[in-house]
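Asks: From the sequence below, what's the structure:
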Amino acid sequence: MASYLLPREKLNLFLAALERCQLWVPLRREGRCIFEPTADPGSIFPDLQQQPVTAKRAVFPQTELLFTFDKKSGVKGDDLESIPQTVVFGIRPCDARSFTLLDPVFESPIPDPYYLTRRNRTILIGIACAKPFLNCFCTSIGGDPFAREGLDLLFTEGDD
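Replies: Presented below is the predicted three-dimensional model:
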């Protein structure tokens, strides 16, 4: 696996280069770290320890419109083509691993086209947990703070 160095001051430039995609990042909301879509990469607040809501909702929202019904035109399904290419930046390795456990549930026996389309159009960029937290459980589920499973790219924070 190849390694590259990205200076911290160039992180916002890297994320801004992903402007064609819907970018989900950890943001500060009411003193907590919440994953939400943003157009401002400079507002990132990657507090890996204080994430009460995971990035999973970028792929698996709590609610979603599947179809509408009109008396005249009948049932109209939601357009899968309208689901955007998405990049989730700042996800923890344990949260990324959860996708590898969730994917088979939506793949069979009856494939869920909404979840699978979103999942196939999502790039997961993780941040390794350099220091374990008190509430860390990744090793309990067969992972580790530097695991790459489920991730497309893994950042490891260094001194610079």
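
Asks: Now do the SS call for residue 103.
Replies: Of the three states, residue 103 takes helix under DSSP: H, G, I helix; E, B strand; the rest coil.

Asks: Could you report the neighbour count for it?
Replies: Number of residues near residue 103 (other C-beta atoms under 10 Å) recorded here: 14. In short, each C-beta sits where N, CA and C put it, glycine included.

Asks: Which pLDDT value belongs to the closest residue to it other than its chain neighbours?
Replies: Spatially, and ignoring its direct neighbours in sequence, residue 103 is nearest to residue 119 (6.5 Å; C-beta to C-beta, 6 or more residues apart in numbering). Residue 119 is assigned a pLDDT of 95 by the prediction.

Asks: Next up, phi/psi of residue 119, please.
Replies: Backbone torsions for residue 119, taken as degrees, to the nearest 10, come to phi -60, psi -40.

Asks: And the lowest-mean-pLDDT helix or strand in the chain, how far out from the chain middle?
Replies: In the chain, no helix or strand scores lower on mean pLDDT, DSSP states H and E than strand 74-77, which sits at a mean of 74. In terms of C-alpha atoms, centre = their mean, to the nearest Å, the centre of strand 74-77 is set 30 Å apart from its chain centre.

Asks: which parts of it are buried?
Replies: By neighbour count on 16 or more other C-beta atoms under 10 Å, the buried set for strand 74-77 is empty.

Asks: Where does pLDDT dip in this structure?
Replies: The model of the chain has pLDDT under 70 over residues 1, 45-53, 160.

Asks: and the residue of the chain most remote from its centre, helix, strand or coil?
Replies: No residue in the chain sits farther from the centre than residue 72, which is 39.1 Å out by C-alpha atoms, centre = their mean. Using three-state DSSP, the structure places residue 72 in coil.

Asks: Could you check how far it is from residue 149?
Replies: 49 Å (C-beta to C-beta, to the nearest Å).

Asks: just residue 29 next, same as before
Replies: Applying C-beta to C-beta, the value for residue 29 to residue 149 is 28 Å.
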